[in-house]
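Trainee: Following is a predicted model, sequence given first.
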Amino acid sequence: MIRHIYVFFVEWSPDIYTKGKKKRHESGYENKEKDPNRHLVADKVMSAVNKIFSKPLNIIRKILTVRPPGRRRSLCSSVESEENEQQEYENALPVLSDPSSLLHDHHLQKLAAHMPARTQGYQWNLVYSTAVHGSSLKTLYRNMADLQSPVLLVIKDMHNKVFGAFSSDPFRVSNYFYGTGETFLFSFNPDFQKYTWSGENSYFMSGNWESLHIGGGGGGFGLWLDADLYHGASFSCPTFHNAPLSTHEDFIVQDIEVWTVQN
């Protein structure tokens with residue numbers, strides 16, 4: 001190997017390591033003239049090469065002990081930075097089109113973090129509020145007639161419990177159940193609880209002019225509201241395997257808000 005390196009130096013720097021003109025042959029180079037100092041120069045080159053390769057392990061150790069830690073620090077810093085950015089993103093509160101009388105910062109933070117990815121980063125627009133539009137299921141349906149985006153139903157009952165549902169589709173009158181597995185029920189009672197689709201049935205939502213139903217099967221709805229949006233009920237149901245959302249299965253509505261999240 002050392003001789004190969006020597007040949008490399010001689011071939012690429014002939015004026016330094018050899019003297020005299022050379023003639024190219026198929027088998028390599030051949031000196032026309034002999035120089036008595038040629039062997040002395042070669043010995044110096046060989047000695048330098050030997051010094052380079054005399055302690056190769058030390059060179060390898062330096063490479064292994066100096067460079068990787070710096071790279072690891074760089075990678076760790078990058079990972080930490082990404083984690084911090086992700087944490088800030090998750091803690092960011094959504095922008096609301098109107099002030100909410102039901103949702104405080106801790107409600108918004110929890111709900112935003114558990115909503116589908118396709119809703120992240122978009123403004124929440126108030127579609128319906130009992131405080132603004134009065135208590136009427138017909139008005140609720142009418143305000144959503146032109147929507148094609150998911151909605152968030154938030155209820156506060158007379159016991160000051162906050163709960164509701166995220167619906168993959170806007171509420172409408174339908175003879176059949178509609179919606180997708182993105183739909184879920186939630187409750188702050190007092191800690192946040194999310195009840196996702198169990199896969200047992202597809203009774204996500206249905207509605208008529210007399211009532212609105214979310215979740216079903218087994219003789220009860222996960223969430224039910226009457227035509228005046230005054231009486232409500234919440235039972236455990238196979239669709240979400242949820243606990244009753246309020247402290248009472250039958251409850252009186254204090255306020256309702258419906259928000260849409262659309263790009």
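Mentor: Ah, there it is. Residues are numbered from 1 along each chain as shown.
Trainee: can you pull out the strands in this protein?
Mentor: 22-25, 28-31, 124-129, 151-157, 162-167, 174-178, 184-188, 192-195, 205-207, 211-214, 223-226, 231-233, 250-261 (DSSP state E).
Trainee: okay if I get those strands as a markdown table plus mean pLDDT and mean neighbour count?
Mentor: All C-beta spots, glycine's among them, are computed from the backbone N, C-alpha and C. Converted to a markdown table, the strands of the chain look like this (pLDDT from 0 to 100; neighbours: other Cβ atoms under 10 Å):
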| stretch | mean pLDDT | mean neighbour count |
| --- | --- | --- |
| strand 22-25 | 44 | 10 |
| strand 28-31 | 44 | 12 |
| strand 124-129 | 96 | 21 |
| strand 151-157 | 97 | 23 |
| strand 162-167 | 97 | 24 |
| strand 174-178 | 94 | 13 |
| strand 184-188 | 98 | 24 |
| strand 192-195 | 98 | 17 |
| strand 205-207 | 97 | 23 |
| strand 211-214 | 98 | 23 |
| strand 223-226 | 98 | 22 |
| strand 231-233 | 98 | 19 |
| strand 250-261 | 96 | 20 |
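Trainee: Rebuild those as a markdown table, extending it with distance to residue 138.
Mentor: As requested, the strands of the chain are arranged in a markdown table below (distance: least, Cβ to Cβ, whole Å):
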| stretch | distance to residue 138 |
| --- | --- |
| strand 22-25 | 99 |
| strand 28-31 | 99 |
| strand 124-129 | 11 |
| strand 151-157 | 16 |
| strand 162-167 | 18 |
| strand 174-178 | 15 |
| strand 184-188 | 24 |
| strand 192-195 | 28 |
| strand 205-207 | 11 |
| strand 211-214 | 11 |
| strand 223-226 | 12 |
| strand 231-233 | 16 |
| strand 250-261 | 14 |
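Trainee: Between these, which one is closest to residue 115.
Mentor: Each of the strands of the chain was checked against residue 115 via Cβ to Cβ, and the shortest separation belongs to strand 162-167, namely 6.1 Å.
Trainee: What lies in contact with the closest one?
Mentor: Residues from elsewhere that reach strand 162-167 (Cβ atoms under 8 Å, 6 or more residues apart in numbering): 102-103, 107, 111, 115, 150-157, 179, 182-189, 204-205, 214, 222-223, 234, 245-246.
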